[in-house]
Structures are given as structure tokens and as C-alpha cells.
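>>> below is the sequence, then the predicted model.
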Amino acid sequence: MSLPEISIKRPVFATVTLLALILLGIVSYFRMNVDEMPDTTLPYVSVNITYEGAQPEQIDAQITQKVEEAVGESKGVKHIRSTSREGEAEIGIEFNLDIDPAMATQDVRDKISAIRSELPDNMKEPVIARYDMKAAPVVAIAFTSETVNRRELSVFVDDVMKPRLQKIAGVGQLKITGLQKREIQLLLDQDKMTAFSFSIPEITQRLQQENQDIPAGKLMATNQNLLVRTAGNFKDPQDFLSVVIGMRNGVPVYYGQIGTVKDGIKEMEAIARYDNQPAIGLEIGKQSGANAVKVATQVKAELEKIQQSLPKGIAMHVVRDDAQRVEDSIHEVWFDLIIGGFFAVVIVLWFLGDWRSTIISAIAIPASIVSTFFFMKLANFSVNSMSLMGLSLSVGLLIDDAIVVIENIIRHRQMGKSASQAAAEGTKEISLAVMATTFTVVAVFFPVGFMSGSVGQFFKEFGLSIAFAVLVSLFISFTLTPMMAALYLPNEQQQAPSRLRQWWLKWNGWFDHLADAYAALLNTLLHQHRKKVLAGAFALFMLSMMLFPYLGSSFIPTTDKAQFTVKIKMQAGATVESLDNSAQKMVEELQLFPEIQHIYSTSVSEEQTLFVTLVQKKERQRSQANVISEVRQKLNSLSGVRVDIEQGDGKPVAVSITGDSVERLGEIANELQKRMENIPGVQDIVSSHRPGTPNLNISIKTERANDLTVSAATIGNSLQTLLAGTIIGKYSDLDERVDIRARLTAMDRSQPDSLNRIYVPSEKIKADGQKMLIPLSQVAEWQYITSPAEINRYDRQKEIRLTANLEKTTLGDFNNQFYPSIQDMPIPVGYQIGAVGESDDMDESFSSMSIALALAVSFIFMILAAQFESYSEPFAIMLSLPLAIIGALLGLFLAGSDLSLISSIGIMMLMGLATKNAILLIDFAKQRMQDHISCNEALVEAARIRLRPILMTSVAMIFGMLPIALGFGPGSEARAPMAHAIVGGLITSTLLTLLVVPVVYSLIHDWKIRKISLINENLTRE
């Protein structure tokens, strides 16, 4: 007994089976993560090492290269990227997708621990974490106040906000900008130090010894143990003034005689502002592998609790909220899905003219979608724009099987059969065709499950979500649809209101005439013009191929997120205060734009960043791209400003130049930049190579230093203490632990001439037992030089990276112009130029797509061959594939969309949709040929009878996708190209399939007849 017969005879069994799937789907939906896109991020481990006072070259040689060599031996490392700048090394290790982030982090930690003895002793311990330091934060907050000073605001953010947010699961890096930290500064007077003949090591050692709280053990009494400790920590910073530094001529010398104490603020490294108000910024990143929306949602929930208990006078502003943006995008996809489903149902009602049969068919849409969430949860998918868009695009598909089944059941009812008999026989007659059409869609996306890398992950959730949904709809069409048809479908059509009934009868009569005209046309073509039809189809296909040069290519279309980032690189050596003044002027200019809502600015490390939030897309007249274009012109017109604008996680153009010498790399990068500037549409070209910063390079006079027994380490440590300062301990003030920094006064370290008054200790001892002090000028010499502000490395080679934005051109067009133009450049041996970022991802995606497409076509052929038990007949049906390509390219061209990862997925999906109509047509014709009807007559009869379900399913799918194709909501720019390709392809494949496929099948059938006749003749002769 078949599944439809079981469902008809046991309706309760069929109903509860489907209800169980729906219930599991509902529960699964609320347990799934929500995200903007499928998680395609690779496991990433960041290593941050601080070495105060060290120059970039020292950081690179002493730390970065050694760490890279160690972690490069870890399993599954894909790329290593590092940056060495003054006092800091950042190393990012990217692993392959199959590596567990926790195991990767532990492996990196073990590798660095093994080489710790090879790294500088006085550097801070490495901070190793599972996050990408260059990734955008999931939530960013700014705190402002008109009544509380910046120091008090800093204490609140650092001591209250930071610990509460760090406890949230999935939170990674917490970056605070604009923080003012308290610091006890012991400011040494160089002249007084020299007068008393004190060396730097002698002073710092004494200060450290006097400010210590050392446990001494315990006293063992008869009935009690008493813990003993020496309470050496000072209770007041001014107590340092009474510390005895040493004896001179038998008289104690106190610290107060050679220096002062200042309870102040650590030098500002960054300044933040929110709408030009002084602010403390707090950026919350996520751990590698954590769900961004889930983390952001939890952070916002905690912020709402904090908001209720904020001290008076402190305001909290949400600068960046990815969760809200993603939720808006998801809601928009749900809206498209619901509207698309409504359109599809209306189309079915218009074709069938019966509300009961329409409802029976329409139930398949919500039932299939809800049940699909259960299988998505089993596959560990998330609810994201791609998976929901797959369901939205498949709305027409989900009702497709039910339409075909119900239409065939109605046809059998009109033959006079009983309800149960018509439902059973009508479903059985069409079952193979329905299964074949569904399995071809599944076959298209089955290879997606075997694709690797980030592109494979991107495809997988979209494609397999559709596959799950259509398989559920197939199950519904074989169970619920025939069961409800047997119980509720009347023999005669229901009487609609008179006016609607008249309209529908006119439409139905017109459609019958259309079917007759189509059958007559096809009959003429089959008997007289078969070769002309083939020639015409081939000509159309070749003409469509000519559209390729007019279609741009990109990775993922840029969406209007109502936010973008402006970065400005300033001249080397600029102070944070001067950068902040410049940022204020730029913010004042941008606040004149009516589309700009808020601006969060930061000034740090010779770079200014403006995070600009626009009013919502529907509330402004201009697009984000137009606003950015004017912002670029406005800011670039300011003196000394060249902007670098990012709309997402990076810029589309990224060119990597790697080699051994930074100077040689700089020359190559300059030449490449000139060639980029000559390409129309290229904007915001930025090189990661920054002009050298002025340095005072101190060289040791080795022979002289050896004679005077002054070591290079002594010189370096003394200078580091005097200029950068050395942390000699902590000062405890209630619960606050404050750094104590010893260094020269600001006056003594403001001019290069002050180096002439610095003395360093020798190992030689004077008559009074003190170490001899040697003028720095006797053992060292200095000169002005320039050195890189930072050194970047990629895969363990020095790198300079050029990035750029594109305006009114595409990434593919840029690649086609730029890379051929550099073929004549002489590149030294050992140096390489290559595309990274989106260009690399785009090449990978198109390569993976080609493989998946080839596999999909192969699987479609196998399914058709198995259904028709023929190797030749499937070629007639598969001819619908190139016919669909015609419309896909035309749809993209007319809509102004690019060939991208998104539109490529649409073309891939089209491969499964295009064959459905041809299968319905040829399957029915083969059934009629079994009744000894000629091939051409069977094709004409099949065309007349199957025209209604073919047009009904195609139009339902087209209208189901229209909301996406015409989408105006958040994120619609990324979804629309897929619908453009599918809608265009469905239109041409449907129209041409009705004419070309029967003609090709007729030719193949005649060829097979001739071949059989020839074989029979040969056998007869023998």
C-alpha cells in the first residue's frame, strides 16, 4: 500500500505525523541561534604582547618573529598576520575551519610557553585569547557626563562596567578608549641625581625595596598561630619623599632631595568623543566561534540593568548594535517570506478558481517551513538571512508539489471518479514526476554539503535549508494533500460570489483558448520547424553570453547598514591632543549632514576613527553610498586629511606585497598605488606602509663601553627608566591598585640635549665604594634617523598591503584592469604580489561554485536517467538549464546586479527549478505514448493538459520571489540579486521549455526509432 493510500485510509495517522514535525519545528526554532549570515569565520587566536619603550624593529626581531615561528608549527594554521609597533606586538593566527577554537588556543599557549625564555625578560606576559583583534565589535557604548570629570567616569567604566560585562558568556575582548588611569609618578631630577652620584639601578632598587609587603611566616603559640608580615607598603604617596636612597659622605640622602612625587594621571594614549562630547568608549568583541547576535543580545540585557542604576549625571549611549541591525534584517526576510507566500496562494486561487483546493495546497507552505526548522536544528544551523532567504525563495517550490497533485486529483474527479479513488489514482499517476522534480532540486544542493572552507559554509545553510523544506513538502503532498482532497474536495467547483465567478470564468475561458493555441503552435513546430526552433534557442543563448562583459563581478553586494567608519592616518609624531583637535573639526563638518545621526570619534596612535551612524534607510532620501561619496569629498577638502572609509569588515580591494625588505616593499607599493590611481572608480587607496617616524638612534661605542665596563643592558635599562619610566611597584589605596612609575621630570626628557646630562653606572668602584658613573656621551652616540611606525607581516614575511574602495565599478572589473597592468613590472626574486581579502574569497567562491554546479548537473542527469530508464531522453529535459541561464543573465543585467556569490547561488538554485516544468511535460507524454499514441501527438496532448500546472507553479514561484527582488528593507541589497537571477531564469526557462524541450524530445525519439530500425535491418540481413 502506497503512502497516499495509507494517508487516505488513515487520516488521523497522517495528521498527527505532520503535527509532530510541526511541533518539533516550533521548539527547534526558539532554540536556534540568530545571526545575520551563516558563521563562516575561521577559528582565530590573538596574541598581544606589550614591551614598553621598544621600537618596532626591536619588537619585530625580539618578539614577533620568534612567536610566529613557534605558533606556525601548530596544527591547522592557515594564515599568520602580525603587526609590530612601538611597545606592542599583535599576532593573529587563523586556523582551518575544522580546528576546534579551544584546542587551537591551548596549542598556541603551549607553543609560546615553550619559547618564553627566548623572549625579553622585562616584557609583559602574553595575552592569548580567542578573538580577532581587527574584527568589529558586536556592541559599542559611549559614556558621557556634564557633571562628572573624565577620571571619575573612567573609574566607573573600568571598575563597574567592565567586570559586569566580562562575565557574559561569549564576550571576548573588552576595549576601553579614552580611559584616564591614576598613576603615582616619581619624577627624578637629573641634575640632583648627578650631584649625589646616584645611578638609576641604585634608585629603583631602593624604591622597590621600601615599598614591599612581605609575608614573614607565623608564630606558633600554645593555643593559637599568629601570622606575621612586614607591612612595607606606603599609606601615602608622599611617604616616598622620606625613603633613604643611600649614604653619601656618611650622611643619608632622601628621595625628596633628588625627586618629587606626583599623584596624577597616566599619559593619555587615546581620546574618545560622542557627538563631540568627551566620552569613555567601551567596545565589546566576541570570542572566536561565539554567536555575535547572542552575545550582543546578552550584553544589551545587562546594559538595561545597568541603565537603571547609573549614577546621576552619567549618560550611556549605544554607539554600535549589531543585534538590532540583524534583527531588523531578519524581520525583513520574514516579511518577504510571508508576502511571497501570500502572493503564491493568490496565484493558485486564481488558476484553480476554488478556495478549498487552494487551502489544501497552501497548507504545505507553513507546514513545510515550520517543520524545516527541526532539521536545521539537527544540522546545527542558525536562523540567519541566508537560511531564511532560502525558505523565502522556495515558497513557490513548497506549494509546487501540492499544486501538481491537487490539480491532477481535480482532473480525475472531473472524470467522474469517487473522492478517495480520484485522490489515490491522481496522486499515483503524478507521483514519479513529482518525486523527480523534488529530487532534482535536492540534487542541486546535495553537493553543497561536501564543499569545504568559508564559502562551503555559506552555501550549506542556504542550500540544505531548501533541500529540507522541499523534502518535507514532498512528504506533505503525498500524505496531507491527498487525504484532505479525499475528505474535503467537492466534485463540483464551489460557487464564488457572482462577480468574482464571472471574472474567473472569463479568465478560464481565455486560458483554455491559450492552451489550444499553444497546442496548435507546438504541433506545427513539431512537424515543420524543429531545426528552426533549435537554431533560435541556440541564437538566444549565444546572445545572452554577450551580456557577460556588461555584468560586473563582486564577492557579496554591499548593503546599506546605516553606518560606516572613517579612518584618517595622520603625520608621524602627532600627539593625541592634536589628533583630538583635528577630529573635533571634522565632526563639526559632518554634523551638518542631515542624514548623519551620531558620530563616535577616537584619536589614538596617530590615527583618527569616526564611526558614523545614519538615520534609518527608510527615513532618508539618499542612499548610504551617496552620503559616503559626499563625506569623502568634504573631508578630503580639509588640509592634511585623506580619508579611508569602510562600510563593513573591510574594503573590497586588498593587494598584498610580501618580501624581505620594508624599503623595497615600499618602492613596489608606491608604484602599484600609482597604477591603481589610474583606474576609474578606485577610491580611498591606503597603504599599510606608514612613513618613517623620527627617531633618535643611540649606538653603543663598544670598545669604549668595554673599557669602562658599561654593558649595553645597563645603558638600555637606564634610558628606559629615565624616558619611558619603569613600574617599580603598586600603591594600594583601599581597593585600588595604582602603578608607581619612576622616570625623569618632563623638562629633563623634553629635549635631545638632556641626553648629555645622563650618567650610567660602571662596574668600576670608586675609592668610597660607590660605582663609578660615566656620562652617556662617552659610551654612546646618537643621531636622527627614521624608522617604520609599524612593521606588518603576513605568513612570516614582511608585508605592505594596499586597500581601496570602489565607486561605480566592481571588484571583477578592477581585477581585470589592475592585474594585467602590472605584468610588465620587474619584481625582485623573493617578492610576491597577490590578491587577499574579498578578491581571494571571490576566486575561491567562483571555483567552489563551478565544482558544485558540475556535480549538481551530474546528479540531475542521473535522477532523470533513472526515472526515464534512458541515457538519451534526459538531455531533452536538461536543455532547460541553458534556457534558464538566458533569463538569469538578462535579469541581472536589467536589474543592474553583479555576478556575485549571492547571484551565483540563485543561478545554482535555478538549475533545480528549470527542470521541473520539463519533467512534468515529458513524464505525461511518456505515459500517453504507452497507450500507443505517436510521440508528437503525445507531446501536444501533454502540452495542452500540463500547461495549467506548469504556468501555475512557475507564476507562483515568480510572485513568491517578487518581494525579495523588489525589497527595500534593511539588507535587501544582498538578497535582491539572487531573486533577480531566479525570476529572470524562470521566465525564460518556462516560456522556452514549452517549445524547445518537446522539439528536442521529438528529435531524440525519432533518432532512437531510426537506430532501432537500423539494428533490426542488420539483424534481418544476418
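Perfect, thanks for sending it.
>>> and the next element down the chain from the helix or strand of the chain with the lowest mean pLDDT?
Within the chain, no helix or strand scores below strand 225-231, which has a mean of 61 by mean pLDDT, DSSP states H and E. Beyond strand 225-231 in the direction of the C-terminus, DSSP states H and E gives the next helix or strand as strand 244-248.
>>> buried residues in that following strand?
Within strand 244-248, the residues that qualify as buried are 245, 246, counting by 16 or more other C-beta atoms under 10 Å. Glycine gets a C-beta too; all of them are placed from N, C-alpha and C.
>>> ok, residues contacting that strand?
Outside strand 244-248, the residues that touch it by C-beta atoms under 8 Å, 6 or more residues apart in numbering are 196-198, 202-203, 206-207, 252-255, 257-258.
>>> state the distance from residue 485 to residue 1011.
Here the criterion is C-beta to C-beta, to the nearest Å. By it, residue 485 lies 43 Å from residue 1011.
>>> name the residue in these two with the higher neighbour count.
Comparing residue 485 with residue 1011 by neighbour count (other C-beta atoms under 10 Å), the higher total belongs to residue 485, at 30 against 11.
>>> what sits against that one?
Applying C-beta under 8 Å, 6+ apart to residue 485 gives the contacts 357, 360, 405, 406, 409, 419, 422, 423, 426.
>>> apply 6 Å and report the result again.
Shown in contact with residue 485 (C-beta atoms under 6 Å, 6 or more residues apart in numbering): 360, 409, 423.
>>> tell me if I'm right that the last one and residue 408 touch.
Looking back up the chat, that one is residue 423. No - in this structure, residue 423 is not within contact of residue 408 by C-beta atoms under 6 Å, at 9.8 Å.
>>> so which of the contacts of strand 244-248 belong to strands?
252, 253, 254 (DSSP state E).
>>> top of these by neighbour count?
residue 253 (19 neighbours).
>>> all strands for the stretch 1-150 of the chain, in order.
Using DSSP state E, counting those that start in this stretch, the strands of the stretch 1-150 of the chain run over 44-50, 77-85, 88-95, 127-129, 139-145.
>>> mind listing the strands the third one pairs with, and their directions?
Put plainly, it is strand 88-95. Sheet pairing for strand 88-95, assigned by DSSP bridges, gives strand 44-50 (antiparallel), strand 77-85 (antiparallel).
>>> what residues sit buried inside that strand?
The neighbour-count check on strand 88-95 (16+ other C-beta under 10 Å) flags 88, 89, 90, 91, 92, 93, 94, 95 as buried.
>>> so can I have a markdown table of those showing pLDDT?
Shown next, in a markdown table, are the buried residues of strand 88-95 (pLDDT from 0 to 100):
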| residue | pLDDT |
| --- | --- |
| 88 | 87 |
| 89 | 90 |
| 90 | 91 |
| 91 | 92 |
| 92 | 90 |
| 93 | 91 |
| 94 | 88 |
| 95 | 88 |
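>>> in TSV: these, plus distance to residue 508.
Formatted as TSV, those follow (distance: C-beta to C-beta, whole Å):
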residue	distance to residue 508
88	76
89	76
90	71
91	71
92	66
93	67
94	61
95	62
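>>> for these, which one is nearest residue 634?
Proximity of the buried residues of strand 88-95 to residue 634 (C-beta to C-beta) peaks at residue 90, which lies at 32.3 Å.
>>> isn't the closest one right up against residue 83?
Yes - between residue 90 and residue 83 there is a contact at 4.7 Å, judged by C-beta under 6 Å.
>>> can you pull the pLDDT of residue 649?
For residue 649, the pLDDT comes out at 68.
>>> for residue 65, that is, sorry about that
91.
>>> now it: how far from residue 343?
The gap separating residue 65 from residue 343 is 61 Å, by C-beta to C-beta.
>>> more neighbours, these two?
residue 343 (20 against 17).
>>> helix, strand, or coil at the more buried one?
Secondary structure of residue 343, reduced to three states by DSSP: H, G, I helix; E, B strand; the rest coil: helix.
>>> tell me who's in contact with the closest residue to it other than its chain neighbours.
Leaving aside its chain neighbours, residue 343 sits nearest to residue 959 (3.9 Å; criterion: C-beta to C-beta, 6 or more residues apart in numbering). By C-beta under 6 Å, 6+ apart, residue 959 lies in contact with 343, 344, 347.
>>> cutoff 10 Å now
339, 340, 341, 342, 343, 344, 345, 346, 347, 395, 396, 983 (C-beta atoms under 10 Å, 6 or more residues apart in numbering).
>>> the second one: neighbour count?
Okay, so that is residue 340. Count around residue 340 with other C-beta under 10 Å applied: 28.
>>> find the nearest non-adjacent residue to it, please.
Once flanking residues are discounted, residue 340 sits nearest to residue 960: 4.0 Å by C-beta to C-beta, 6+ apart.
>>> picking up where we left off before, and the contacts of residue 485 as TSV, adding secondary structure, pLDDT and distance to residue 291?
TSV is the format used below for the contacts of residue 485 (DSSP: H, G, I helix; E, B strand; the rest coil; pLDDT from 0 to 100; distance: C-beta to C-beta, whole Å):
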residue	secondary structure	pLDDT	distance to residue 291
360	helix	82	39
409	helix	82	45
423	helix	83	45
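>>> ok, those vs residue 563, which is closest?
Looking across these and measuring by C-beta to C-beta, the closest to residue 563 is residue 360, at 46.4 Å.
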